[in-house]
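In: Next one to model:
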Amino acid sequence: MSEEAEELGCIAEQLKVISDRLDELDRQTARKFGVTNCLMPFAMASLGRAEDNLRSLAGDWK
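Out: This is a model prediction of the structure:
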């Protein structure tokens, strides 16, 4: 199961990269148009929970 745990860790890292990119996009949009997307906090929270859950599962599988 260590291969699966490693794969989950890689997926969690990819989610972190996506989260960082979305955060930057949200900031750029706010600077450019003066508004923020009201749904972005919910998306960011969901990504964070998914990342945490995958890391926890990967830890259990090691």
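
In: neighbours around Asn37, how many?
Out: Using other CB atoms under 10 Å, Asn37 has 13 other residues around it. For every residue, glycine as well, the C-beta is placed using N, CA and C.

In: isn't it right up against Gln28?
Out: No. In this structure, Asn37 is not within contact of Gln28 by CB atoms under 8 Å, at 11.4 Å.

In: Quickly note the distance from Asp52 to Leu8.
Out: 12 Å (CB to CB, to the nearest Å).

In: More neighbours: which of those two?
Out: Per other CB under 10 Å, whichever of Asp52 and Leu8 has more neighbours is Leu8, with 21 against 12.

In: Now for Ala43, how many residues are close by?
Out: Burial of Ala43 is recorded as 15 neighbouring residues (other CB under 10 Å).

In: Overlap of the contact sets of Asp52 and Leu8?
Out: Common contacts of Asp52 and Leu8 (CB atoms under 8 Å, 6 or more residues apart in numbering): none found.

In: longest helix anywhere in the chain?
Out: Determined from DSSP state H, the single longest helix within the chain is helix 2-33.

In: can you count the residues close to Leu54?
Out: The tally of other residues near Leu54 (other CB under 10 Å) stands at 20.

In: That one contacts Glu13, correct?
Out: No. Leu54 lies out of contact with Glu13 (CB under 8 Å); the separation is 9.4 Å.

In: ok, Met1 touching Ala58?
Out: No. Between Met1 and Ala58 there is no contact under CB under 8 Å: 9.5 Å.

In: If you count surrounding residues, which of the two has more?
Out: Ala58 (20 against 10).

In: quick one: that one from Ser46, how far?
Out: Where Ser46 is concerned, Ala58 sits at a distance of 19 Å (CB to CB).

In: cool, and Gln14?
Out: For Gln14, the distance to Ser46 - CB to CB - is 15 Å.

In: buried sites along stretch 26-36?
Out: Asp26 (16 or more other CB atoms under 10 Å).

In: Please apply the same query to stretch 54-62.
Out: Residues of stretch 54-62 classed as buried by neighbour count (16+ other CB under 10 Å): Leu54, Arg55, Ala58.

In: just checking, which of these belong to helices?
Out: Counting by DSSP H, these place Leu54, Arg55, Ala58 in helices.
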